[in-house]
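In: sequence unknown, structure follows:
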């Protein structure tokens, strides 16, 4: 068999065909009626990756129906059984991680270390919810209307079928990291794989089956979001969406019409603040990581850097030096620091932002150009200075390896600038005085604020919620909310003595009941009972 230049040698046509069996299809239709398969382009060299089936709304209906039929039995299993399966998947993922690292690189073009970060996150999520789900989902007693007379318990029950729409930039982490808590909570899942990165998700589904997951519990559909994404939102019981703010609004509106919940992690234009007392070398190194990891293609990456004027020159020079030292490459090893952009559209978006800024007077301190000599979608990590509000790169999300520097005269000015715009996903503050940095953090409108770290400290803290404010979305992944959002709260109240009401409909009985209840309420008030 011939091997495509960027195609991992072990990925055979037979393996791909086996993974594609995981794409749910409407069994009532023959092959002649099927839409044309989907084929993405490998970012490293723009050769086709592999054809996968293309689904339509009827396939989505079939997937949700199959998932719903399987969910009741799954919800009836013990939480320990579901947790043990997640741990088995955890072990298999670490054992076979080189396979999925190859697939992630093949489909996204990212550097291998950044692909490995996805494996680390998903393994951590699997282990965390396997160990903590019992605590997060445990029924708990609450006080009834009349203490002692009513026994009340609040329980968590699964939503049913959860629809997950994940993006191409983190196909494993964002594709599977949301699936795991939904399954552990007792739901079935239907995932819409991004058309650029379906193989990573299909490989992972096969691995989950090897760990023991029943086949129908996690269904995957593939195809354009405009065709099957809407069908998915119209069929499931809860939606988890990660992507652009514009599409997130449409998903949220469609879900609201059906009165189902939605979790939406959307865009960001994330700020980083360098205070006058910061360790300049550490701040520059942290900025490089936060701005250029994953080739800048992550919602929480840093795009705006506000530096106190007292350390601006020293910070700028150190940042430029560290940026220029980054190694670009398209290798299936750990020798490259920065990989490729994933699509022509991303390359053009990055190039347009930088070129327009330069044309309007911004200065390129590092990078600023495409690198077709390395690969067709490579773009150098870029540092800009002199960016003004009339430039698109100032306020619009670039989603690429570009960061802009702005001098500030005070902390207050930096906070005010950080809060400009409508996004509020992630932020960073660098300072030797961590107490003062924490006080500043509470004044920044952002779902997460990292102190002396660019972005990873908060995102990697799986016990803490992760999500945005404003146009950056609704809801949280990770932590308690990351699994409870896939459940409904159900109150179970058991009356232990007499009914809570008059014993007879006669007026005297009604008045007697009211008198007794008023007395009890007054007694509870005097006793300080809540």
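Out: All right, it came through fine. Note that the structure is predicted; figures quoted are calculated from it, not measured.

In: quick one: average pLDDT of stretch 302-311?
Out: Rounded to a whole number, the mean pLDDT of stretch 302-311 is 98.

In: what comes up buried for that stretch?
Out: By 16 or more other Cβ atoms under 10 Å, the buried positions in stretch 302-311 come out as 302-308, 310-311. The way it works is simple: take the backbone N, C-alpha and C, and place the C-beta from them, glycine included.

In: how about stretch 82-91?
Out: Of the residues in stretch 82-91, 82-83, 85-86, 88-90 count as buried by neighbour count, 16+ other Cβ under 10 Å.

In: filter the buried residues of stretch 302-311 down to the ones in helices?
Out: Using DSSP state H, no member of the buried residues of stretch 302-311 falls within helices.

In: spatially, which two of those residues are the most separated?
Out: Farthest-apart pair in the buried residues of stretch 302-311 is 303 and 310; separation 23.2 Å (Cβ to Cβ).

In: nearest residue to the middle of the protein?
Out: In the chain, the C-alpha nearest the mean C-alpha coordinate belongs to residue 174, at 4.7 Å (Cα atoms, centre = their mean).

In: got the contact list for that residue?
Out: By Cβ atoms under 8 Å, 6 or more residues apart in numbering, the contact set of residue 174 is 166-167, 242.

In: so which of those residues is the closest to residue 378?
Out: Comparing the contacts of residue 174 against residue 378 with Cβ to Cβ places residue 167 closest, at 20.7 Å.

In: quick check, pLDDT for that closest one.
Out: 97.

In: next, the contact list for residue 248, please.
Out: Under the criterion of Cβ under 8 Å, 6+ apart, the neighbours of residue 248 are 241, 264-266, 473.

In: ok, and the most crowded of these?
Out: Neighbour counts for these, by other Cβ atoms under 10 Å, peak at residue 241, which reaches 30 neighbours.

In: what secondary structure does that one sit in?
Out: The assignment at residue 241 comes out as strand when based on DSSP: H, G, I helix; E, B strand; the rest coil.

In: and it, how close does it get to residue 264?
Out: Relative to residue 264, residue 241 is positioned 5 Å away (Cβ to Cβ, to the nearest Å).

In: for the buried residues of stretch 302-311, give me CSV that also has distance to residue 294.
Out: Formatted as CSV, these follow (distance: Cβ to Cβ, whole Å):
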residue, distance to residue 294
302, 12
303, 13
304, 18
305, 18
306, 22
307, 23
308, 28
310, 32
311, 27
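
In: about what we covered before: what do residue 241 and residue 264 both touch?
Out: Shared contacts of residue 241 and residue 264, defined by Cβ under 8 Å, 6+ apart, comprise 248, 251-252.

In: in helices, which of these fall?
Out: If you go by DSSP H, the shared contacts of residue 241 and residue 264 have 248, 251-252 in helices.

In: on that earlier part again, what's the offset of the helix or strand harbouring the residue nearest to the centre of the chain from the middle of its chain?
Out: For residue 174, the host element (DSSP states H and E) is helix 173-176. When C-alpha coordinates are averaged (Cα atoms, centre = their mean, to the nearest Å), helix 173-176 and its chain have centres 7 Å apart.

In: past that helix, which element shows up next along the chain?
Out: Where DSSP H and E defines the elements, the next helix or strand beyond helix 173-176 is helix 179-184.

In: and that following helix, what does it pack against?
Out: Judged by 3 or more Cβ pairs under 8 Å, 6 or more residues apart in numbering; DSSP states H and E, helix 179-184 is in contact with helix 79-95, helix 112-137, strand 161-165, strand 188-193, helix 481-484.

In: what residues does it touch?
Out: 74, 79, 82-83, 85-86, 89, 122, 125-126, 129-130, 133, 162, 164, 189, 191, 213, 217-218, 240, 482-483, 486.

In: hang on, residue 235 in a helix?
Out: No - Residue 235: not assigned to a helix; according to three-state DSSP it is coil.

In: quick one: the strands in the stretch 201-350 of the chain, in order.
Out: Counting by DSSP state E, counting those that start in this stretch, the stretch 201-350 of the chain has strands at residues 218-222, 238-242, 261-265, 270-274, 302-308.

In: low-confidence regions, this structure specifically.
Out: Applying pLDDT under 70 to the chain flags residues 1-5, 26-33, 498.

In: buried subset of the contacts of helix 179-184?
Out: Buried subset of these (neighbour count, 16+ other Cβ under 10 Å): 74, 82-83, 85-86, 89, 122, 125-126, 129-130, 133, 162, 164, 189, 191, 213, 217-218, 240, 482-483, 486.

In: still on that earlier bit, just name the closest of the shared contacts of residue 241 and residue 264 to residue 64, please.
Out: Looking across the shared contacts of residue 241 and residue 264 and measuring by Cβ to Cβ, the closest to residue 64 is residue 251, at 16.1 Å.

In: isn't that closest one up against residue 164?
Out: No - at 11.4 Å, residue 251 does not count as touching residue 164 under the criterion of Cβ atoms under 8 Å.
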